[in-house]
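Novice: here is the input, now give the coordinates:
(one chain, ligands or ions: 1)
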Amino acid sequence: MKNRYRNVCMILAIFLFVTGCAQNSHCASEVVPDGEIEEEKEDYIVVGYSQVGSESDYRIANTKSVRDIFTQKNGYYLLFEDAQQKQENQLKTIRDFILQEVDYIVLDPVVETGWEAVLQEAKDAGIPVILSDRSVEVEDENLYTAWVGSNFEEEGVCAGKWLENYLAATGRSQEEIQIVTLQGTLGSTSQIGRTKGFQNVLEKNQSWKMLDRSSGDFTQAKGKEVMEEFLEKYPEIDVVVSENDNMTFGAIEAIKEAGKTCGPKGDIILISFDSVQAALIAMKEGDINVDIECNPLLAPKIAEIIDKLEAGEKVEKIHYVEESYYDTFMDLDSVIRKRSY
Ligand code: AHR
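Specialist: Numbers count the residues shown, from 1 in each chain. A predicted model of the protein is given here:
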């Protein structure tokens, strides 16, 4: 539908341009440098994207994925807003998108709660909302059309199971293991899922002791700060679970500054999430033991959903992306070489 409409607009615009040029000296301003007629945003599928922020390497890759897919060449007009990790910014942005009558809203919610009213407003305005990466906790699941992202709880379970196997392989299954967790933004789907998944495995291991959990808000600076506090409070940490790579980078700095080491040959076992290229390099250098992947390349799936909705087709509600994990027993070079983020 949209494409046919766009073609008609193009022909009309060319006609008006050719016939109008002789009498209208302003018509040159309607031509973009490469000679194409400038098209209006109404000629595209208008997507309003409310992004969490730019707190991590994951997030930068996620934003790039969005900007690469939702291009005018692909038939989309993207309105992109960075919320700087503040829910109040996202609420305002969504209301702006509704006022602008966008065709679709894509929301990556900072936290899970507090969305009911604004999602109802979008629904009343007839604008489908697609959730990306993180999710929302709402009573009426019809307030959003679909969700695309990672299975965060499964990621947490994967981290716990990896630790179980590693301790068994290194003959430490019976030892008391002292653990601290650097949590992501409290109340975000990724934090909730990873904490819960790891906790499930922890409960099955009587010798594991969770000394402390504290949020580093998914950033390197706060990750370092929290790790410094942990190191001061707890002299005998065996394992750090860091809920994203950027906090891990901060934790590595803090550990080294405290005169300790981490990684397979170090004092502390370091478990991370995301598997961005810089973290895999740090793993190769011996600072990280395992990294549970969180795939940021979500935009192709979102575009596929939008295209189906445009064609009047039904879409599935939940879409998980493919993920894996990496540790020092694998051939990291080939993964690092191929990694685009
Ligand atoms: O929600 C996904 C998480 O958010 C990523 O693990 C983290 O890096 C990001 O900031």
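Novice: the helices in this protein, which residues?
Specialist: Counting by DSSP state H, the chain has helices at residues 2-21, 57-69, 87-99, 116-124, 152-169, 189-202, 220-233, 245-257, 277-284, 299-310, 332-338.
Novice: which of those is buried the deepest?
Specialist: helix 245-257 (a mean of 24; mean count of other CB atoms under 10 Å). For glycine as for every other residue, the C-beta is placed from the backbone atoms N, C-alpha and C.
Novice: which residues of the stretch 1-150 of the chain score low on pLDDT?
Specialist: Applying pLDDT under 70 to the stretch 1-150 of the chain flags the ranges 1-39.
Novice: which positions in it make contact with the ligand?
Specialist: 55, 56, 58, 59, 133, 134 (CB under 6 Å from any ligand atom).
Novice: recalculate using a threshold of 8 Å.
Specialist: By CB under 8 Å from any ligand atom, the residues of the stretch 1-150 of the chain that approach the ligand are 52-53, 55-59, 62, 108, 133-134, 149-150.
Novice: if we can go back for a sec, can you list the helices of the chain in JSON lines and add distance to residue 141?
Specialist: Formatted as JSON lines, the helices of the chain follow (distance: least, CB to CB, whole Å):
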{"stretch": "helix 2-21", "distance to residue 141": "27"}
{"stretch": "helix 57-69", "distance to residue 141": "24"}
{"stretch": "helix 87-99", "distance to residue 141": "18"}
{"stretch": "helix 116-124", "distance to residue 141": "10"}
{"stretch": "helix 152-169", "distance to residue 141": "18"}
{"stretch": "helix 189-202", "distance to residue 141": "14"}
{"stretch": "helix 220-233", "distance to residue 141": "33"}
{"stretch": "helix 245-257", "distance to residue 141": "31"}
{"stretch": "helix 277-284", "distance to residue 141": "34"}
{"stretch": "helix 299-310", "distance to residue 141": "16"}
{"stretch": "helix 332-338", "distance to residue 141": "36"}
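Novice: between these, which gets nearest to residue 143?
Specialist: Checking those against residue 143 by CB to CB gives helix 116-124 as the closest, at 3.9 Å.
Novice: which residues are in contact with the closest one?
Specialist: Here helix 116-124 makes contact (CB atoms under 8 Å, 6 or more residues apart in numbering) with 91, 94-95, 97-98, 105, 129, 136, 138-140, 142-144.
Novice: nearest to residue 190, of those residues?
Specialist: Closest to residue 190, out of all of these and judged by CB to CB, is residue 136, at 13.2 Å.
Novice: which ones are touching the closest one?
Specialist: Per CB under 8 Å, 6+ apart, neighbours of residue 136: 107, 109, 112, 113, 115, 119, 143, 144.
Novice: just the buried residues out of the residues you listed, in ChimeraX syntax.
Specialist: This is the ChimeraX syntax for the buried subset of these, where burial follows 16 or more other CB atoms under 10 Å:
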select :107,109,112,115,119,143,144
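Novice: so which of the contacts of residue 136 belong to strands?
Specialist: Using DSSP state E, the subset of those located in strands is residue 107.
Novice: out of the contacts of residue 136, which is nearest to residue 193?
Specialist: Nearest to residue 193 among the contacts of residue 136, with distances taken as CB to CB, is residue 112, at 10.2 Å.
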